[in-house]
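Asker: Got a predicted structure here, sequence first:
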Amino acid sequence: MTDLPDLPDVHTQAETLVQALPHMQRYDQEIVVIKYGGHAMGDAAAAEDFAEDVVLLEQSGVKPIVVHGGGPQIGRMLEKLGIKSEFAAGLRITDKATVDIVEMVLAGAINKQIVGTISAEGGKAIGLCGKDGNMVVARKVTRTVVDPDSNIEKIVDLGFVGEPEKVDRTVLDAVLKAELIPVLAPVAVGHDGATYNVNADTFAGAIAGAMRAKRLLLLTDVPGVLDKDKNLLPELTVEDCRRLIADGTITGGMIPKVETCIYALEQGVEGVVILDGKVPHSVLLELYTDHGAGTLIRR
Ligand SMILES: Nc1ncnc2c1ncn2[C@@H]1O[C@H](COP(=O)(O)OP(=O)(O)O)[C@@H](O)[C@H]1O
Ligand SMILES: CC(=O)N[C@@H](CCC(=O)OP(=O)(O)O)C(=O)O
């Protein structure tokens, strides 16, 4: 028989609650957008921890909005179906066959899985994507990339990849008023009625901006923004972020993430945090403790 771990005594629990109270009041009735990245989604136990945090937030008076990713999961499904997947400037080149799979994996499988886990933890969630109620209308994206062989810049047609042009709050306002937790897949509609695949960080930034969220939390698989020696940078300004991108400290998938943070701050979001979603209860630790978790980015 294994020994049970020591449980915090009643005094420790009370102390924890007293410390958390001012933080809880700060977020009361405020919108917090949580982007749950594909890499942050661990095993079933980790998904339950995440759902538990979201439910607890809602029960303490916060209005959480979950935006999820699913890049690795889309990749695995495309591989299973023998469809080649390519990226340009961090975005998945998305032809017609690919966009159908993207929608199936994001708005179908992952979205409903998260809704189910939140329900199992005692919450009431509603799964939607940007197409519902014209919530997110996207315009087609093109990117210029430098060909590594010739060093010549070329324009890449990314197919059905979009970026949010307009966010309509109507559906989200109604859902929050009904005390439901919105869980959003980053799939949007174009002016032409077509389905567009949107990077989940970008989608979350647009939602946080339009909803004037108090906080945007981006959950990933690293502790936050790291310096060149891989130490966590707990707090950064927009100016620091621009310098770290320019000097090559911030690269790859962290670039769109930090750019999203800058965009959200410019839209009036008060603070944006990049944190490790694989750490149990990272959302509660960030919002309800003095030390927080991850990297806080401010104006
Ligand atoms: N300075 C940095 N600090 C932390 N991570 C960085 C940095 N520069 C690049 N990265 C990379 O960015 C990745 C996070 O981006 P990404 O893989 O797109 O996350 P997600 O799938 O959660 O959206 C990290 O796993 C890391 O490899
Ligand atoms: C255009 C584009 O690249 N879209 C992403 C959407 C999912 C996503 O962003 O998921 P993560 O947050 O898990 O990376 C993709 O197809 O992978």
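Answerer: Received, thanks. Ligands and ions are numbered 1, 2, ... in the order given.

Asker: Same question for the helix or strand hosting Asp173: list its buried residues.
Answerer: Asp173 belongs to helix 170-177 when assigned by DSSP states H and E. Neighbour-count burial for helix 170-177, with 16 or more other C-beta atoms under 10 Å as criterion, is recorded at 171-172, 175-176. (Glycine included, C-beta is placed from N, CA and C.)

Asker: how about a markdown table for these, with pLDDT and distance to Ile250 added?
Answerer: Below are the buried residues of helix 170-177 laid out as a markdown table (pLDDT from 0 to 100; distance: C-beta to C-beta, whole Å):
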| residue | pLDDT | distance to Ile250 |
| --- | --- | --- |
| Val171 | 98 | 34 |
| Leu172 | 98 | 30 |
| Val175 | 98 | 34 |
| Leu176 | 97 | 33 |
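
Asker: now, among the residues you listed, which is nearest to ligand 2?
Answerer: Leu172 (19.6 Å; C-beta to the nearest ligand atom).

Asker: so the closest one touches Asp132, yeah?
Answerer: No: Leu172 is beyond contact range of Asp132, at 9.8 Å (criterion: C-beta atoms under 8 Å).

Asker: For this structure, give me the ranges with low pLDDT.
Answerer: 1-11, 13, 17 (pLDDT under 70).

Asker: what's around the nearest residue to Gly69 once chain neighbours are set aside, how many residues?
Answerer: Nearest non-adjacent residue to Gly69, counting by C-beta to C-beta, 6 or more residues apart in numbering: Ala200, 3.5 Å away. By the criterion of other C-beta atoms under 10 Å, Ala200 has 26 neighbours.

Asker: For Ala200, what are phi and psi?
Answerer: Main-chain dihedrals, Ala200, degrees, to the nearest 10: phi -70, psi -30.

Asker: any idea how far it lies from Asp227?
Answerer: Distance, Ala200 to Asp227, by C-beta to C-beta, to the nearest Å: 25 Å.

Asker: How about Arg298?
Answerer: 18 Å.

Asker: how about the strands in the stretch 151-299 of the chain?
Answerer: 153-167, 181-185, 187-190, 195-197, 215-220, 235-237, 271-276, 295-298 (DSSP state E, counting those that start in this stretch).

Asker: Would you mark the buried spots in stretch 73-92?
Answerer: Under 16+ other C-beta under 10 Å, the buried positions of stretch 73-92 are 73-74, 77-78, 85, 88, 91-92.

Asker: do stretch 135-152 as well
Answerer: So stretch 135-152, judged by 16+ other C-beta under 10 Å, has buried residues 135-138, 140-141.

Asker: now, which of these lie within helices?
Answerer: Among these, DSSP state H puts none in helices.

Asker: and which of those residues is nearest to ligand 2?
Answerer: Nearest to ligand 2 among the buried residues of stretch 135-152, with distances taken as C-beta to the nearest ligand atom, is Val141, at 7.8 Å.

Asker: okay but that closest one is in contact with Glu165, surely?
Answerer: No: using C-beta under 8 Å as the test, Val141 is too far from Glu165 to be in contact (10.4 Å).

Asker: Quick one: residues contacting the residue in the stretch 151-299 of the chain positioned nearest to ligand 2.
Answerer: Taking C-beta to the nearest ligand atom, ligand 2 has its nearest neighbour within the stretch 151-299 of the chain at Ala200, 3.4 Å off. With contact set as C-beta atoms under 8 Å, 6 or more residues apart in numbering, Ala200 has these partners: 35, 37-38, 67-71, 186.

Asker: what do you get if the cut-off is 7 Å, keeping everything else the same?
Answerer: Shown in contact with Ala200 (C-beta atoms under 7 Å, 6 or more residues apart in numbering): 35, 37, 67-69, 186.
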